[in-house]
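Asks: Pasting a predicted model and its sequence here:
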Amino acid sequence: MKRITYLLRRLPVIWKLMIGATLLIFLVFATYNFAQYLVLKQWMMKQEQDTLHTMMTQVQAYLNDKSDAAKTLMLPETKSYMRDILGKDQMIRMIDPKGKELLLVTNHFDPSWITPVPTAGKILKDVWHGEDHILVYRGPFALQAEHGTIEIAINLETFDHFNDTLLWVMVIGGFLAVCISALSGWAIAKQFLRPVKALAGTIQNVKQKGLQERVANIENRDEISELASLFNELMDQLEVSFRQQKQFVDDASHELRTPITILEGHLNLLNRWGKDNPAVLEESLTASLLEVRRLKGLVQGLLALTRAETSSLTDHIEYIQIDAFLAKIKSRVETLYPEFSFELTLEQKGSLVKINPLHLEQIVFIVIENAVKYSGDSKLINITSRVKQNEVYISVQDHGIGIPPAELQYVFDRFYRVDKARNREIEGTGLGLSIAKNLIEYYHGKIKMTSVENEGTRVTLTLPAAQ
Ligand code: ATP
Ligand code: MG
């Protein structure tokens with residue numbers, strides 16, 4: 001038994017479905033047919049018995065009408081009357097109390113099969129003669145002072161033959177039904193499993209050939225096809241993020257290569273001339289330090305960026321009062337950049353946002369640091385906060401060098417720096433704004449930039465207001 005369950009469990013789904021459907025149909029069909037067969041047989045037997053009963057009543061009534069039964073039985077008209085009511089495969093026989101035959105009519109029936117038995121009451125009996133099934137009905141009639149017996153018999157050959165045929169028809173019908181249900185079960189299961197197979201094949205292909213494989217031909221709109229569609233969407237997303245990851249690594253290594261190459265050049269120079277020439281020594285050391293600082297900035301930026309993408313940002317989320325938060329930031333940047341003046345305007349008081357305070361600080365610092373770096377000769381920076389339609393806006397406005405309109409769309413890209421020649425003396429990695437954008441978008445916020453060259457730049461941060 002255990003082995004059978006084990007084997008059944010290991011069968012492919014298509015076989016399981018087919019066997020299940022076949023068994024079910026077979027059970028239903030067999031039960032129904034068998035019940036029908038029994039009911040029909042019972043009903044037909046009842047019909048035969050009724051026939052016998054009617055005949056008996058008719059014969060008894062015929063004899064009771066006559067005054068002398070013994071004489072009546074001798075008359076030829078009695079015989080012809082009996083022959084009239086007799087059907088095929090039947091016999092009517094009258095016997096006296098000693099079992100002696102008084103009258104006999106038969107129709108395709110051998111009377112020697114039934115031994116005469118005188119009776120006083122009505123008795124119905126099933127008799128077998130070889131293969132033949134015979135129903136015998138005995139009943140009394142008045143014979144002078146005594147009782148004679150009427151014996152009516154029916155050979156049930158036709159009835160049995162019909163029963164056998166019925167049984168065979170049902171068995172063959174059942175067999176056909178089982179075959180048809182097995183076939184259709186198989187066809188349905190096959191149709192049903194086609195998308196599953198396609199899905200499995202695609203997963204196999206992904207394993208072997210790579211992320212670009214997809215499940216093809218999803219025509220049906222059922223749950224399994226939905227699964228295949230979902231799988232395709234998932235693969236699309238995976239492919240995009242995989243490509244982004246690769247791009248990121250390419251960009252990062254490219255950006256890291258420049259300072260490292262410069263550093264290598266200076267070290268070579270130092271190695272060759274620097275030991276004896278203090279001027280070269282001084283210059284190369286300064287330049288190398290500058291590159292090392294650039295490298296450090298790059299690595300820190302890259303770290304911040306990957307952390308923003310991968311770390312669980314939702315830790316330490318708090319409700320932050322924007323007014324107090326900006327006041328604190330203002331006093332910190334004032335100590336950091338004493339030559340600048342920061343003007344803070346709070347258009348509405350008491351607005352709240354829900355965010356990790358370290359992240360909000362990081363975002364605002366990136367923007368203010370840019371305002372400071374790209375301010376040129378102007379030394380004024382305006383910080384404003386506003387609330388509008390459930391959103392909190394923080395904007396930082398400088399009056400510095402600005403950004404050409406054509407380049408504005410790229411400043412949020414990783415490593416992008418406007419006009420590298422112009423920026424050469426201003427240190428930077430081009431990662432600040434992309435870090436800020438990543439972070440704020442995680443909190444369903446936005447970052448926007450408007451700028452006019454040589455007039456200034458305004459960066460606006462938007463975050464959903466917390467209630
Ligand atoms: P860092 O990673 O050190 O911040 P960065 O400042 O160059 O380097 P981002 O902050 O991403 O990088 O800014 C990208 C570019 O956008 C800058 O290089 C600069 O050219 C331009 N930019 C950003 N903010 C301003 C601004 N307030 N005024 C003018 N140009 C700006
Ligand atoms: Mg910056």
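Replies: Right, received. Where do you want to start? Ligands and ions are numbered 1, 2, ... in the order given.
Asks: In three-state terms, how would the closest residue to E347 other than its chain neighbours be classified?
Replies: Leaving aside its chain neighbours, E347 sits nearest to R386 (4.5 Å; criterion: CB to CB, 6 or more residues apart in numbering). (Each C-beta comes from the backbone N, C-alpha and C, glycine too.) Using DSSP: H, G, I helix; E, B strand; the rest coil, the three-state assignment for R386 comes out as strand.
Asks: Which positions in the stretch 301-450 of the chain make contact with ligand 1?
Replies: With CB under 6 Å from any ligand atom as the criterion, the stretch 301-450 of the chain meets ligand 1 at residues 301, 370-371, 373-374, 398, 400-403, 411, 416-418, 423, 428-434.
Asks: if you set the cut-off to 8 Å instead, what comes out?
Replies: Counting by CB under 8 Å from any ligand atom, the residues of the stretch 301-450 of the chain close to ligand 1 are 301, 366-367, 369-371, 373-375, 396, 398, 400-403, 407, 411-412, 416-419, 422-423, 426-436, 449.
Asks: Could you list which of the residues you listed belong to helices?
Replies: When these are checked against helices (DSSP state H), the matches are 301, 366-367, 369-371, 373, 422-423, 432-436.
Asks: which one of those is nearest F162?
Replies: Nearest to F162 among those is S434, at 90.8 Å by CB to CB.
Asks: Quick check, the residue nearest to E347 in contact with K349.
Replies: No: judged on CB atoms under 8 Å, R386 makes no contact with K349 at a distance of 11.1 Å.
Asks: of the two, who's got more company?
Replies: Taking neighbours as other CB atoms under 10 Å, R386 and K349 compare with R386 leading, 17 against 10.
Asks: residue contacts, the more buried one?
Replies: By CB atoms under 8 Å, 6 or more residues apart in numbering, the residues touching R386 are E347, Q348, V392, Y393, S395.
Asks: rerun at 7 Å
Replies: E347, Q348, Y393 (CB atoms under 7 Å, 6 or more residues apart in numbering).
Asks: confidence score at it?
Replies: Per-residue pLDDT puts R386 at 93.
Asks: any idea how far it is from I368?
Replies: Taking CB to CB, to the nearest Å as the measure, R386 and I368 are separated by 17 Å.
Asks: for R9, same thing?
Replies: 66 Å.
Asks: what separates E48 from G301, distance-wise?
Replies: 103 Å.
Asks: give me the element the nearest residue to L211 once chain neighbours are set aside is part of.
Replies: Of all residues not flanking L211 in the chain, E239 sits nearest, at 4.6 Å (CB to CB, 6+ apart). Using DSSP states H and E, E239 sits in helix 223-269.
Asks: The residue of the stretch 51-200 of the chain found nearest ligand 2 and R10: what is the separation?
Replies: When scored by CB to the ion, the stretch 51-200 of the chain has L199 as its residue closest to ligand 2, at 46.4 Å. Using CB to CB, we find L199 at a distance of 21 Å from R10.
Asks: quick one: which of those two has more around it?
Replies: L199 (19 against 9).
Asks: where does the more buried one land in three-state SS?
Replies: helix.
Asks: Name all residues that make contact with it.
Replies: V215, L227, A228, F231.
Asks: Among these, name the buried ones.
Replies: V215, A228, F231 (16 or more other CB atoms under 10 Å).
Asks: Dump the residues you listed to JSON lines, plus distance to A182 and pLDDT.
Replies: Formatted as JSON lines, the buried ones among the contacts of L199 follow (distance: CB to CB, whole Å; pLDDT from 0 to 100):
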{"residue": "V215", "distance to A182": "29", "pLDDT": "80"}
{"residue": "A228", "distance to A182": "28", "pLDDT": "83"}
{"residue": "F231", "distance to A182": "32", "pLDDT": "88"}
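Asks: Ligand 1 next: which of the residues you listed are close?
Replies: Okay, of the buried ones among the contacts of L199, nothing touches ligand 1 (CB under 8 Å from any ligand atom).
Asks: Just give the closest residue to D413, not the sequence neighbours.
Replies: Closest to D413 by CB to CB, 6+ apart is S434, at 6.4 Å.
Asks: OK, contacts around that neighbour?
Replies: Contacts of S434 (CB under 7 Å, 6+ apart): L305, F412, D413, R414.
Asks: quick one: the strands in the protein?
Replies: In the chain, the strands defined using DSSP state E lie at 90-95, 101-107, 123-129, 132-143, 146-155, 318-321, 341-346, 352-355, 380-388, 391-398, 446-452, 456-464.
Asks: Could I have the CA atoms of the second one written out in CSV?
Replies: Just to be clear, that refers to strand 101-107. Listed next in CSV are the C-alpha coordinates belonging to strand 101-107 (Å, rounded to 0.1, in the frame of the first residue of the first chain):
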residue,chain,number,x,y,z
GLU,A,101,-53.2,-34.8,-15.9
LEU,A,102,-56.7,-33.6,-16.9
LEU,A,103,-55.9,-30.9,-19.5
LEU,A,104,-52.6,-29.6,-21.0
VAL,A,105,-52.0,-26.7,-23.4
THR,A,106,-48.4,-25.6,-24.3
ASN,A,107,-46.7,-23.1,-26.5
